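Visitor: generate coordinates for the sequence data below:
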Amino acid sequence: MKRLLTVEDTFAITGRGVIVAPMPALHEIRGPGEVEVELRLPDGTQRTALMSVLVEFSHPTPAVRRWTLTFKTLEKADVPIGTEIWCPESVFMPRLPGAR
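Guide: Purely as a prediction, here's the structure:
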């Protein structure tokens, strides 16, 4: 498992679930799809959850396109700010030589 991100904000959208921010750039992880992740909450508890990786289209197109990460079965309280999202290594795109 590898840390994908630390949640800085969450948005609950009726019928969609909880969306987390920041959102990773398209070149950072594989998608679209669903992946089982580990949530490491600020209070030290851990839980697994199914995370959907989606492309959202917006206009105008942003300079850096990003994945939308949603948890369809969770509430905002289930993913507090400061939660770390850990994913299997297979979710991450390979790093190019010389990339930071």
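
Visitor: okay, now Pro22: neighbour count?
Guide: 13 (other C-beta atoms under 10 Å). Where C-beta positions appear, they are placed from N, C-alpha and C, glycine not excepted.

Visitor: how much space between it and Gly15?
Guide: 23 Å (C-beta to C-beta, to the nearest Å).

Visitor: now do Ala21
Guide: 19 Å.

Visitor: ok now stretch 69-80, how far from the chain's centre?
Guide: Distance of stretch 69-80 from its chain centroid, counting by C-alpha atoms, centre = their mean, to the nearest Å, is 11 Å.

Visitor: do stretch 67-78 as well
Guide: 9 Å.

Visitor: what about it, how long is it end to end?
Guide: 21 Å (C-alpha to C-alpha, to the nearest Å).

Visitor: now that stretch: buried residues?
Guide: Neighbour counts using 16 or more other C-beta atoms under 10 Å place 67-71, 74, 76 of stretch 67-78 among the buried residues.

Visitor: now intersect the residues you listed with the strands, please.
Guide: Of the positions in the buried residues of stretch 67-78, 67-71 sit in strands, assigned by DSSP state E.

Visitor: redo those residues as TSV? Include pLDDT.
Guide: Compiled in TSV, those are given as follows (pLDDT from 0 to 100):
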residue	pLDDT
Trp67	94
Thr68	94
Leu69	97
Thr70	97
Phe71	97
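
Visitor: closest to Glu38 out of those residues?
Guide: Phe71 (12.6 Å; C-beta to C-beta).

Visitor: list the contacts of that closest one.
Guide: 17-18, 20, 49-52, 78-79 (C-beta atoms under 8 Å, 6 or more residues apart in numbering).

Visitor: Gln12: neighbour count?
Guide: Slight slip there: residue 12 is Ala, not Gln. 14.

Visitor: circling back to that earlier point, ok, so of the ones in strands among the buried residues of stretch 67-78, who is nearest Leu5?
Guide: Leu69 (8.2 Å).
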